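[1] I need the structure of the sequence given here:
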Amino acid sequence: MNWLLRRLATSLLLAWAVATVVFLAIHMIPGDPAEMLLSQTGGAIDPVALDNLRRKLGLDQPLLKQYAASMMGLLRGDLGVSLRDGTPIAEQIALRLPRTLELIAAAGLIALVLGVPLGMAAAVHAGGWIDRLVAQITGFALAVPVFVVGTLLIMVFAQYLRWTPAGGYVAFSQAPAQHLILLAMPALSIGIGLAAMMARMTRSAMLDVMSRDFIRTARAKGVGETAILLRHVLRNAATPVLTVLALHLGALLGGTVLVEHVFNWPGLSGFLVSAVSARDYPEVVGIILVISILLILLNVVVDILYAVLDPRVRQ
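    All right, here's what the predicted structure looks like:
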C-alpha cells in the first residue's frame, strides 16, 4: 500500500510538472497568439479588437498571475472555452475522449487476442515452420502502414462485400449493433499492427524465460509442459509484453489521427488537429493536458500490473 501511495504522489507531481511545461511552452512561442488568431481573417488588425482579444485570453495579465489562474482552473476541472465558438473545452473533450479510448481499447484487445497466441505458438515451435510462418505474417503486418490497412478494409468489407458502411459513427446507446460494426474496421486497422508487434515481443520474451534455470528445474521435477508454459513462462514473459503494449496504447491517444480521418470517427485526435488548424490555443492546451494526464495514469496502472505479476517490483 505504501508503494502504491508513493507512486500516486509521484504521478500527481508529474501531472503538475506537465501542466507547468505546457503553460511555459505556449508562452515561449514567438509572436502574440492574439495577433495570430486575428490575422487569419486577413487584412489589417484592428488595435481595439486586438486589445479585447488579449484581455479575453488573459494575455494582458502578468505571467505569474496567468500561471496561477491556469493552475487554479485545472484544479477546478476548468479548461476554459473555445475561441472558435465559445463552448467549454472540457465538454468537448468529455464528448470525444470516450470515442478515442474505446477505439484504443478495442485495438488493444485485438492485439492481445491475436498477438499473444501467435507469439506463444512461435516460441513453442521455435525454428520450425510455424515460427517461420508467424515471422512472415508479422513482418508483412508491420510493414503495411495503418492507413493502407484501413483503406484495404474499406475496399474489401464496405465496397466489395458490402457488409458494413465505409465509416461514420453512431452512439452505442442509439444502435449498439451498428456502433460495434462501425468500430470494427478502425479497431482492426490499428490492432493488426499492434498484434504483430505483440506476437514478436511475446516470442522473444518467452524464449528468454524458457532458457532460464528455473524452467529446467521445473521440467526435472516432472511438471507438465502446459503448466510450465502457462504458470511459469507466460507469467514471467508478461512484463516486457505489457510494457510494449502500454507504450503503444499510450502513443495512440494522440496518434489515431489517420484512422479517425479515414473512417470519419469523431475522436480526440481529429479534434486536436482541427484545434491546431484553427489556432485555438485554449483547446490545444486542454487536449494536450488531458492526453498527458491519461498517459501518467496509464503508467500507474502498468506499474500496478507489474507488481501483481512480479512481487519483486513492490520491493
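
[2] Tell me who's in contact with Ala106.
    Neighbour list for Ala106: 183-184, 187, 191 [criterion: Cβ atoms under 8 Å, 6 or more residues apart in numbering]. From N, CA and C alone the C-beta is placed, and that goes for glycine too.

[3] Can you give me the distance of it to Gly191?
    Counting by Cβ to Cβ, to the nearest Å, the gap from Ala106 to Gly191 is 7 Å.

[4] which regions of the stretch 1-150 of the chain sit below the pLDDT cut-off?
    1, 3-4, 29-33, 36-38, 40-44 (pLDDT under 70).

[5] Strands of that one, residue ranges please.
    Under the criterion DSSP state E, counting those that start in this stretch, the stretch 1-150 of the chain contains no strands.

[6] Pull stretch 80-95 out as CSV, backbone CA atoms only.
    Output of stretch 80-95 as CSV, limited to C-alpha atoms (Å, rounded to 0.1, in the frame of the first residue of the first chain):
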residue,chain,number,x,y,z
GLY,A,80,-11.6,27.3,-20.5
VAL,A,81,-13.7,27.9,-23.5
SER,A,82,-13.0,27.6,-27.2
LEU,A,83,-12.0,30.7,-29.2
ARG,A,84,-14.0,29.5,-32.2
ASP,A,85,-17.5,29.1,-30.7
GLY,A,86,-17.2,29.8,-27.0
THR,A,87,-18.1,26.2,-25.9
PRO,A,88,-16.5,24.8,-22.8
ILE,A,89,-13.4,22.8,-23.8
ALA,A,90,-14.0,20.2,-21.0
GLU,A,91,-17.4,19.4,-22.5
GLN,A,92,-15.9,18.9,-26.0
ILE,A,93,-13.1,16.7,-24.6
ALA,A,94,-15.6,14.7,-22.5
LEU,A,95,-17.7,14.1,-25.6
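
[7] Name the nearest residue to Ala90, sequence neighbours excluded.
    Leu79 (4.7 Å; Cβ to Cβ, 6 or more residues apart in numbering).
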